[in-house]
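1. 3D, please:
(chains A and B)
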Amino acid sequence: MNNFPLLAVSVESHSIDVYTRYLYIMLKADNLQGALQLLVLKILRRRANHGFAISSYIQQTSDEVLRVEAGSLYPALHRMTEAGLLKAQWRMSEAGRRARFYELTAKGRRKLEADEKRWRTVSAAVARILRTA
Amino acid sequence: MGLWSRLKRTFRSSRYSADIEEELQFHLDMDVADGRDRREARMRLGSMARIEEETRAMGIIEWLHSALQDARYGVRQLRKTPALMLAVVLSLTIGVGANTAIFSLLDAAILKPLPVKNPDSLLIVEWTNQEFPEGVSNINGDFSRISGGWVQASSVGANLYRKLAREQTVFAALMGIADPNPVAIAIDASPAEQVSLQYVSGNFFQGLGALPVIGRPFLDAEDRVGQEPVVIVSHRFWMGRLGGARDVSDRTIRINNVPARIVGVAPPEFFGLRAGQWTDVYTPLAMRVAFEPSQGIGAVRGEDDTDWWVRQVGRLKPGVPEADAKAEIARLFRNLAAKDMNIEAKKIPELISLPGRRGFDALNTKDASALWILMLLVGVLLLIVCANVANLLLSRSVARLRESAVRLALGATRARLFRQHLIESGVLALVGGGAGLAFGYILAKSIHLLLQSGRDASSAFDLRLDMRVLGYTGALSILTALLFGVAPAVQAARAELNDALKAQTRSVMGGRLRLPRFLVSMQIALCLTALVAAGLLGRSLENLKWIDIGFDRENLAYVSVDPGHAGYSAERMWPYVDRVRQELARLPGVIRVSPVEVRLLSGNGNLSRISIPGRASLIEKGVVAPTEAANVNSVGDGFFETMRIPLLAGRAIELRDIHPNAEAVVVDELFARRFFPNQNPLGRRFGFNPKENTRYEIVGIVRDTLYNSLHRDLIPTVYEAYLPDLRGSIHFAIRTTADSARLAQAVRTAVASVDPAVPVTEFHTQTGLIDRLLRTERLLAFVSGAFGLVALALVAIGIGGLLAYAVARRTNEIGVRMALGATSSDVIRMVLRDSLRIAGAGILIGLPCAYATGKILENALFRLKPLDPWTAALSFFALLAVALLATWLPAQRAARIDPITALREE
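-> Modelled structure (predicted):
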């Protein structure tokens, strides 16, 4: 599960020593899901889309740094739908085929806002530490 | 997302999986359309089936995976604070263990259904009647007075039962069973041993669905007088006495010196129909004639229609409504009894059917309520433990707030943190529960010993750790984990982001420690409840122990022999009793000996109606009032000197009175007061029934004594001249110069010297008999006292720990105060005030709880109000003393704070 090298590196090299190795393991587990979820929410913000489009978007926009396996993406999409963050619907794709489209719900929008803010705070903090320490 | 919705989705319809399949197929096709090779795309997608499976079961797998991760992480976290965890696990062990112990006793004695097929369809058939039924001479089994002067009893005559069982149509089988009898059993050439035998009907084993594991059940034809005696032995007996031999069928053993053939071995878990009593040997009802031949007194034992000794248990026919069955069996009994007993219709007993899934009551109401009281107390104890553990974990979760906040900041959900802490509590509860199970098992065995003390060896409850006990302990551990785990988990999930970044654990939690204080106060309240319960039960026992019994209980013993069973006839009985009495009186250290029919305070006794010429008996609701009855005892000459019961007027029973037609009786003061108020009772006559109301003449008056119970209000007693009981035991009261317990061996030798064929059946000191009466009270007082002490210790830990923590958190503040001129005694006073406030709040909450507990206990208390001031004061001061003691260490530490160091730490 090394889909997010950026994240993994940034956490692994942190210099704050209060966390034990185990705490770190927990962070990683919490975080991978948190990050993927954040990305999906952000991508679906403007318009509804299907899973394949989401995965290609992440890959292209991150200059192939981030790669999402279908095995992680689809379970995540379903989980988010269950949690009420997304709404799923069968529609026609551009290619003229039936595809399952996901769009944000109001709850999803609120979640995106909150998570994005937090992400910025934390990554800024981490970046500051990386710069100064 | 809840575990439930995850589970639901995992097993959802195929439409759902078709959806997933189509979605993944689309992904694959798009990949290919993007110019990728189909095979490569396929590989990149991975196994579609796996993804589908994962998407479907995502919830569950993820949940399990992360739960496991949490548990592993939790264990590592717990191992970092071993002392704290040891305290937690130890507390849980005590709390869960005590509950497991009492529950397993309660379950074995009261709750567990019989180990037979479909116990729910069993009904116990008893009867009620307005009085002792006409045409019946003897009732063996239960016989009790119920409301309105009616009696309820369990047994009917053997032939009446057989007719009923044959003619009834509502039960699949109506089975008959007698109460267990001690018999002498001899296997091969080994000497005879006493075992417990039950007479049962021919359909007993088939009817219960407890078919023998070896051999066969009884045949109906075998329940006939004159048939060859056959027996089925219990599994325990087969293993223990017959060596578990497979070829046991058709072996012959001797019962009361009569050869009997073994035809089967009962199933291993089958103990009979009464929990706590293990029957060794079963034999058909009709075999009573063979095993207990009559001594030429009365008719053939067992088959006599006036002797009622067979209990009835029916198994409902499938499809027959219970109410119909009850009505039908009662109707049939009325018809049969009318034909057989030849009495007027309205005097025929009324059959009633009671639920039979648990068999016959294993405990009397007193013992049963004692167990329920203990269950209540261990519940209180467990709550105290939970409060204690919650506090310990709270202080720990405060220390871990920073960890929580960092995880929150990096994207963990609060739910996840909540769960993490709950899982840690679960791990603790699991360890504590496991240890508690082991501890509880040992505890149950010990309490069982107390409960059974003074009963014979065949009585024991089945205390195996079965699925019921395991399930109970498991459920209890989970409940406990929730109880003590929720508060710390909420605390952890409420962590604020900013606090973590500021790394100011001290300011994180409300400085007042409101929740921990509340929990400690609750603990004190519960502890007060437990202490008051223990105090009340203890004082009640003391009251009972030192109650004035009306005679000298020290240096007094009773020896019992049973010459009737050794074949003594009425003519030989007299000389035998005289000889034994002389031999006993000759023993060194013996002052006086007298035969007596009813040993005082042995729990047994005879009650008889008193009728006096010219005096109308008080009638209540159509029956003679209980105040019209008196205890009856028949005593030899010298009895009152032996017992040291003072003679107040007239004379005692003397040697010249000892003959079957004696008229002289001695009564006690209460008898004189009640039946001859303001008259001189000496020389007055009375009888035990209206037809013979001048049978006896009062020749003397003695002081009141207790008769067969320490609890009951005083009942008058009549002493008549001694007549040996030809069927039961003969008792001798022995007054000695020193501790009578030491005489046991000498007494046995003396009895054997008269006739070695007549063994001593019992030897008890008077204090031993009284102790036996107080068995339940002692058990209650002892166990509740022990639990009270444990509760007190837990409270000491709780309050001490809280204060120590509070002092540590306030080090700065205390430093400042001291720098500003507070003396160390000011600081001590401050901590003390804190402690008293917590204790005071707890006691205030506890008072109504303690009163409620007292109310619940009221029936178990003897000459004690639920609001006993002594008990209340004692509990109050005990708690206060413990609270102050527990305050001492933290207060000392607070007083030693050095202001300079404390301030520099900031």
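2. what about residue 126, which helix or strand?
-> I'll assume chain A. Per DSSP states H and E, A:V126 falls inside helix A:106-132.
3. that's the wrong chain, I wanted chain B
-> B:E126 belongs to strand B:122-129 when assigned by DSSP H and E.
4. which elements pack onto that strand?
-> Under the contact definition 3 or more Cβ pairs under 8 Å, 6 or more residues apart in numbering or on different chains; DSSP states H and E, strand B:122-129 sits against strand B:151-153, strand B:307-316, helix B:322-341, strand B:350-355. C-beta coordinates here come from the backbone N, C-alpha and C atoms, glycine included.
5. quick one: average pLDDT of stretch B:33-52?
-> Mean per-residue pLDDT for stretch B:33-52: 71.
6. outline the domain layout of chain B.
-> By the assignment in automatic domain parsing, chain B contains the domains B:3-68, B:119-355, B:365-545+B:776-905, B:556-772.
7. how far out from the middle of the chain is the last one?
-> Per Cα atoms, centre = their mean, to the nearest Å, the displacement of domain B:556-772 from the mean C-alpha position of its chain is 33 Å.
8. quick one: mean pLDDT for it?
-> 88.
9. which parts of the stretch 701-850 of chain B are helices?
-> B:744-754, B:766-773, B:775-809, B:811-819, B:824-857 (DSSP state H, counting those that start in this stretch).
10. for the longest one, buried residues please.
-> To tie it back to what came earlier, the one meant is helix B:775-809. Residues B:775-785, B:787-788, B:790-807, B:809 are the ones in helix B:775-809 that count as buried (16 or more other Cβ atoms under 10 Å in any protein chain shown).
11. swap in the first one?
-> For helix B:744-754, a neighbour-count test (16+ other Cβ under 10 Å) marks B:V747, B:A750, B:V751, B:V754 as buried.
12. would you mind writing the CA trace of that helix as CSV?
-> C-alpha atoms of helix B:744-754 as CSV (Å, rounded to 0.1, in the frame of the first residue of the first chain):
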residue,chain,number,x,y,z
ALA,B,744,-17.8,-38.0,71.2
GLN,B,745,-15.5,-41.1,71.2
ALA,B,746,-16.3,-42.1,74.7
VAL,B,747,-20.1,-41.9,74.0
ARG,B,748,-19.7,-44.1,70.9
THR,B,749,-17.8,-46.7,72.9
ALA,B,750,-20.5,-46.6,75.7
VAL,B,751,-23.3,-47.1,73.2
ALA,B,752,-21.5,-49.9,71.4
SER,B,753,-20.9,-51.7,74.7
VAL,B,754,-24.7,-52.1,75.1
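13. got the contact list for it?
-> B:557, B:559, B:561, B:576, B:579-580, B:583-584, B:586-588, B:734, B:758-760, B:763 (Cβ atoms under 8 Å, 6 or more residues apart in numbering or on different chains).
14. and if you look at the fourth one?
-> The set of residues that contact helix B:811-819 without belonging to it, under Cβ under 8 Å, 6+ apart, is B:807, B:822, B:824, B:826-827, B:830, B:894, B:897-903, B:905-906.
15. looking at those residues, which is nearest chain A?
-> B:E905 (18.7 Å; Cβ to the nearest Cβ).
16. show me where chain A has helices.
-> For chain A, the helices defined by DSSP state H occupy A:5-12, A:21-43, A:51-61, A:70-82, A:106-132.
17. of those, which is nearest B:R414?
-> helix A:21-43 (11.3 Å; Cβ to Cβ).
18. rounded mean pLDDT for the closest one, please.
-> pLDDT averaged over helix A:21-43 gives 65.
19. how about stretch B:197-209?
-> 94.
20. mind listing what's buried along it?
-> For stretch B:197-209, by 16+ other Cβ under 10 Å, it's B:197-209.
21. try stretch B:368-376
-> For stretch B:368-376, using 16+ other Cβ under 10 Å, the buried residues are B:A368, B:S369, B:A370, B:L371, B:I373, B:L374, B:M375, B:L376.
22. how far does that stretch sit from the chain's center?
-> 7 Å.
23. longest helix in chain B, please.
-> Under DSSP H, chain B gives helix B:414-452 as its longest helix.
24. one step back: nearest to B:A444, out of the helices of the stretch 701-850 of chain B?
-> Nearest to B:A444, of the helices of the stretch 701-850 of chain B and by Cβ to Cβ, is helix B:775-809 at 11.3 Å.
25. next, the angle from that closest one to helix B:766-773.
-> 70 degrees (axes from the mean of the first three to the mean of the last three Cα atoms, to 10 degrees).
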